[in-house]
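Engineer: Below: sequence and its predicted model.
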Amino acid sequence: MTADANKEKLVTVFTGTAWQAELIKGLLDANDIPCAIMDETIGAITSSYSGMGKGVLVVVNEEDKEKALEIIKNNSQE
């Protein structure tokens, strides 16, 4: 299941490398939160250059934002 741009407003819950975004997407998918990866191609190319590009985004439906952020925070290794 993916976030549906036609039904809900999408919000960013994570920005990072393509690898990190895939991990976050897997975490959210496992918790039944619809999500999608955006800017994967450009983000993956530019994220390695300091100060360039915005990286790869993980987006969710606005109504799932708080739950998604809580899951990400509880599973952060930082």
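Structural biologist: The structure has been received and is ready for your questions.

Engineer: Which SSE is immediately downstream of the least confident helix or strand in the chain by mean pLDDT?
Structural biologist: Between all helices and strands in the chain, the lowest mean by mean pLDDT, DSSP states H and E belongs to helix 40-46, at a mean of 55. In the C-terminal direction, the helix or strand that comes right after helix 40-46 (DSSP states H and E) is strand 56-61.

Engineer: What pairs with that following strand, parallel or antiparallel?
Structural biologist: strand 10-16 (antiparallel), strand 35-38 (antiparallel) (DSSP bridges).

Engineer: which residues of the chain score low on pLDDT?
Structural biologist: 1-7, 40-54, 77-78 (pLDDT under 70).

Engineer: Just the residues contacting the strand or helix carrying Glu66, thanks.
Structural biologist: Using DSSP H and E, the element containing Glu66 is helix 65-74. Residues outside helix 65-74 that contact it (C-beta atoms under 8 Å, 6 or more residues apart in numbering): 11, 13-14, 24, 27-28, 31, 33, 35, 60. C-beta coordinates here come from the backbone N, C-alpha and C atoms, glycine included.

Engineer: Mind doing that once more with 7 Å?
Structural biologist: 11, 13-14, 24, 27-28, 31, 33, 60 (C-beta atoms under 7 Å, 6 or more residues apart in numbering).

Engineer: Save the residues you listed as CSV, and put in distance to Asn74 and neighbour count too.
Structural biologist: Formatted as CSV, those follow (distance: C-beta to C-beta, whole Å; neighbours: other C-beta atoms under 10 Å):
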residue, distance to Asn74, neighbour count
Val11, 19, 16
Val13, 13, 21
Phe14, 14, 22
Ile24, 12, 24
Leu27, 10, 18
Leu28, 12, 24
Asn31, 10, 15
Ile33, 13, 20
Val60, 16, 25
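
Engineer: can I get those in a markdown table with distance to Asn75?
Structural biologist: Compiled in a markdown table, these are given as follows (distance: C-beta to C-beta, whole Å):
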| residue | distance to Asn75 |
| --- | --- |
| Val11 | 19 |
| Val13 | 12 |
| Phe14 | 11 |
| Ile24 | 9 |
| Leu27 | 6 |
| Leu28 | 10 |
| Asn31 | 9 |
| Ile33 | 12 |
| Val60 | 15 |
